[in-house]
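Asker: Let's see this in three dimensions:
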Amino acid sequence: MSESDDAIFREVDDEVRQDEYKKLWDKYGKYAGTVALLFVGAVAAWQGYQYYQQKQAEEASVFYFDALKKATSGKGDDALASLALVHHVGYSQLAQIQQASILGSKGDVEKAVAAYDAFAADAKSDAALVDLARIRAGYLLVDTQSPDQLLTRLGRFDKDDALWHNEAREIFGLSAWRVKDFVMSDRYFKAVAADKEASGAMKQRAEMMLQLISPNLKK
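Answerer: Below is the predicted model of the structure:
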């Protein structure tokens with residue numbers, strides 16, 4: 001085959017290929033346009049959703065931090081009203097924890113504990129915040145629940161590798177002190193005082209309690 005023949009065949013082949021492309025486009029081109037429009041629409045919708053989420057987060061942060069400011073100023077009811085306006089996924093759980101905290105600081109222990117317990121029971125709640133809620137409820141219940149009741153509530157924290165183990169042991173120690181179980185109280189406060197992970201303030205509280213407990217222990 002000569003070079004001229006080869007060129008002719010290539011030209012014919014290109015024309016056939018172009019003709020096939022044209023037929024395909026005539027048949028499916030309108031669908032390609034629809035797909036392109038759908039893709040552009042999806043991108044625009046996603047960008048719109050991201051913008052909406054950002055605005056929601058900004059509004060929620062304003063309400064949340066305004067509530068914190070009111071709470072620290074002693075305006076508990078106003079703070080609760082501001083927290084009720086927080087609906088953003090990221091801030092709403094923090095708002096629920098803060099609402100319970102404010103109720104506790106106002107002396108409404110029953111409602112505060114109920115709020116903490118409701119948060120802890122919600123499967124959607126963040127696991128770390130659930131543990132915090134349980135510990136905070138425990139502190140509120142020190143004056144009313146027995147050591148056994150609190151151990152039932154918080155017993156899983158009574159191990160060295162648990163995040164809130166010192167807080168839980170302080171709760172158990174305080175509850176035992178209240179019911180005059182000085183041996184149990186001494187054991188828990190000694191564990192806190194000896195723990196390298198305990199904060200300085202917590203160690204000081206433990207040492208103070210050990211001094212109060214000591215005269216009540218049998219020699």
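
Asker: roughly how far apart are A201 and V192?
Answerer: 11 Å (CB to CB, to the nearest Å). Where C-beta positions appear, they are placed from N, C-alpha and C, glycine not excepted.

Asker: These two: which is more packed in?
Answerer: The neighbour count for A201 versus V192, taken as other CB atoms under 10 Å, is higher for V192 (25 against 8).

Asker: next SSE after the helix or strand bottoming out on mean pLDDT in the chain?
Answerer: Within the chain, no helix or strand scores below helix 3-72, which has a mean of 56 by mean pLDDT, DSSP states H and E. Note on helix 3-72: by DSSP states H and E, the next helix or strand toward the C-terminus is helix 76-83.

Asker: State the mean pLDDT of that following helix.
Answerer: The pLDDT scores in helix 76-83 average 74.

Asker: ok, now stretch 155-162?
Answerer: Stretch 155-162 carries an average pLDDT of 95.

Asker: by contact count, what packs against the helix or strand I213 falls within?
Answerer: Using DSSP H and E, I213 sits in helix 200-213. Here helix 200-213 touches helix 165-178, helix 182-194, going by 3 or more CB pairs under 8 Å, 6 or more residues apart in numbering; DSSP states H and E.

Asker: Report the separation between K180 and P147.
Answerer: From K180 to P147 the distance is 11 Å (CB to CB).

Asker: So if I had to pick from those two, which one is more boxed in?
Answerer: Set K180 next to P147 and count neighbours by other CB under 10 Å: P147 wins out with 21 against 9.

Asker: my guess is that one meets L174, correct?
Answerer: No: between P147 and L174 there is no contact, the gap being 9.3 Å when judged by CB atoms under 8 Å.

Asker: Going by secondary structure, the nearest residue to V130 once chain neighbours are set aside is in what exactly?
Answerer: Distances taken as CB to CB, 6 or more residues apart in numbering put A120 closest to V130, at 4.8 Å, once the chain neighbours are dropped. Using DSSP H and E, A120 falls within helix 109-121.

Asker: buried ones in that helix?
Answerer: Counting neighbours by 16 or more other CB atoms under 10 Å, one finds that the buried residues in helix 109-121 are A112, V113, A115, Y116, F119, A120.

Asker: Give me the pLDDT for the last one.
Answerer: A120 carries a pLDDT value of 95.

Asker: wouldn't it be in contact with R134 here?
Answerer: Yes: under the criterion of CB under 8 Å, A120 makes contact with R134 at 5.4 Å.

Asker: quick one, what contacts N166?
Answerer: Listed by CB atoms under 8 Å, 6 or more residues apart in numbering, the contact partners of N166 are V192, D195, E197, A198, S199, M202.

Asker: Let's see if you can find the most crowded of those.
Answerer: Within the contacts of N166, most neighbours by other CB under 10 Å means V192, with 25 neighbours.

Asker: Grab the nearest non-local neighbour of that one.
Answerer: A206 (4.1 Å).

Asker: and if you look at S199?
Answerer: N166 (7.8 Å).

Asker: how much space between the one you found and L210?
Answerer: 14 Å.

Asker: List the buried residues of stretch 198-214.
Answerer: Neighbour counts over stretch 198-214 (16+ other CB under 10 Å) mark A198, M202, K203, R205, A206, M209, L210, I213 as buried.

Asker: Could you report the neighbour count for the nearest residue to the third one once chain neighbours are set aside?
Answerer: Spelled out, that is K203. Leaving aside its sequence neighbours, K203 sits nearest to A193 (CB to CB, 6+ apart; 5.6 Å). A count of neighbours around A193, defined by other CB under 10 Å, yields 18.
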